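Novice: Need coordinates for the below:
(one chain, ligands or ions: 1)
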Amino acid sequence: MAQSTDAVAVSFEVYPPRSPEKMPDLQESIRVLDSVGPEFISVTFGAGGSSTRDSLEVLRFIRDVSSATPLAHLTCVGTTRQEAAELVATFLGEGITQFLALRGDLPEGALEHHGELEHAVDLVTLMNELPDAPKPLERIAVAAFPNGHPESHSLDHDVETLLRKQEAGANLAITQLFFYTEHYLEFVEKAHSAGVNIPILPGLMPITSPGRLNRVLELSGESRPTELSEALSSTEDSATREAVGVDWTARMVTELVNAGAPGIHLYAFNQHRTVLSVLEQSGVR
Ligand code: FAD
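Specialist: Below is the predicted model:
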């Protein structure tokens with residue numbers, strides 16, 4: 001049985017809709033997600049600043065309409081120190097005081113970084129040194145990779161990277177999605193042994209179709225979870241596929257909560273139904 005319940009902190013990630021017509025649907029989903037009392041709702045950011053305006057619009061909506069704290073993803077790839085400082089100041093000016101500091105990914109074909117901030121740790125340091133920012137910022141979260149970042153040569157290097165981010169002032173880590181609880185637990189153990197003591201929040205995404213699975217594997221570089229992949233492909237029925245994805249993720253939530261994870265972060269894909277089914281089925285909400 002999962003630990004009960006409202007004691008388990010939950011949070012969600014959404015992204016700025018690709019077209020303005022989709023904004024009302026996202027706003028409705030945010031309202032429904034808010035009904036289960038998330039600690040924060042994070043909003044993704046297009047590397048290079050391509051989504052600044054749209055990300056801000058979603059963050060403002062969360063700020064004004066929900067009881068959850070808006071948390072802004074920001075990336076530093078390709079930006080100068082000055083540009084990054086201005087970007088953070090813009091968000092702070094909107095009352096956004098919690099951030100996920102990321103490097104972001106280089107645009108396809110780019111061979112090298114052209115910015116001054118090479119790694120996420122540089123953005124964390126910059127955030128902590130901003131002259132006009134409240135010190136320390138309420139929250140500076142960073143990414144963590146239980147199965148290794150695609151560019152990393154070893155898991156020890158990923159742990160070392162996380163430790164550097166903590167030393168620079170990060171106070172929360174949110175993981176890349178993963179499909180097996182033990183991968184998270186092994187990473188957390190390694191990180192703790194290396195001196196990481198900030199909470200490492202497991203990030204989970206309920207996958208409800210083979211197409212979605214293929215897409216997230218391509219984007220994340222994660223290995224294919226064979227059993228999940230086969231179960232999703234064994235039927236054409238969308239309701240059955242949804243049940244497969246929800247069952248898989250709800251089981252992981254139960255295992256993670258029982259193992260003492262500091263909360264559950266769900267990649268909501270701008271929809272509320274699937275992630276709320278996961279929380280309900282696992283007994284967390
Ligand atoms: P870094 O911490 O800079 O790490 C990148 C690579 O460099 C890693 O291999 C790391 O080990 C290595 N490295 C780091 N520091 C050093 C150093 N000092 N010396 C040598 N090597 C080093 N992308 C977006 O564009 N927008 C988003 O909104 C977004 N949201 C995300 C949310 C989460 C929870 C996660 C897990 C990822 C998200 N990403 C997003 C993707 C992320 O930007 C990419 O995974 C990117 O490749 C790495 O970002 P990072 O912040 O981990 O970078």
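Novice: Residue 273 and the ligand: what is the separation?
Specialist: Per Cβ to the nearest ligand atom, to the nearest Å, residue 273 is found 22 Å from the ligand. In this view, the C-beta of every residue, glycine as well, is placed from N, C-alpha and C.
Novice: What count of nearby residues applies to that residue?
Specialist: Neighbours of residue 273 under the rule other Cβ atoms under 10 Å: 14.
Novice: now residue 63
Specialist: Number of residues near residue 63 (other Cβ under 10 Å) recorded here: 16.
Novice: Same question for the one 4 residues further on.
Specialist: One way to gauge burial is a neighbour count; for residue 67, by other Cβ under 10 Å, it gives 10.
Novice: got it, and residue 234?
Specialist: Residue 234: 12 surrounding residues under other Cβ under 10 Å.
Novice: Can you pull the phi/psi pair for it?
Specialist: Phi and psi for residue 234, reported as degrees, to the nearest 10, are phi -80, psi 0.
Novice: before we move on, what about residue 139?
Specialist: When read as degrees, to the nearest 10, the backbone of residue 139 gives phi -150, psi 130.
Novice: my guess is it meets residue 171, correct?
Specialist: Yes: contact criterion Cβ atoms under 8 Å: residue 139 and residue 171 qualify, at 6.1 Å.
Novice: residue contacts, the closest residue to residue 124 other than its chain neighbours?
Specialist: Spatial nearest neighbour of residue 124, chain neighbours left out: residue 168 (4.2 Å); criterion: Cβ to Cβ, 6 or more residues apart in numbering. By Cβ atoms under 8 Å, 6 or more residues apart in numbering, the residues touching residue 168 are 121, 124, 125, 128.
Novice: 10 Å instead, please
Specialist: Applying Cβ atoms under 10 Å, 6 or more residues apart in numbering to residue 168 gives the contacts 101, 119-129, 140, 142.
Novice: pLDDT at residue 115, what is it?
Specialist: On pLDDT, residue 115 comes in at 83.
Novice: Which residues are in contact with it?
Specialist: Applying Cβ under 10 Å, 6+ apart, we find residue 115 in contact with 48, 75-81, 83-84, 103-104, 106, 122.
Novice: okay, now residue 56: neighbour count?
Specialist: Neighbour tally, residue 56, other Cβ under 10 Å: 20.
Novice: how far away is the closest residue to it other than its chain neighbours from residue 53?
Specialist: Leaving aside its sequence neighbours, residue 56 sits nearest to residue 94 (Cβ to Cβ, 6+ apart; 6.2 Å). According to Cβ to Cβ, to the nearest Å, residue 94 and residue 53 sit 11 Å apart.
Novice: ditto for residue 153
Specialist: For residue 153 relative to residue 53 (Cβ to Cβ), the value is 37 Å.
Novice: what's the closest non-adjacent residue to residue 166?
Specialist: Using Cβ to Cβ, 6+ apart and skipping the chain neighbours, the partner closest in space to residue 166 is residue 198 (5.2 Å).
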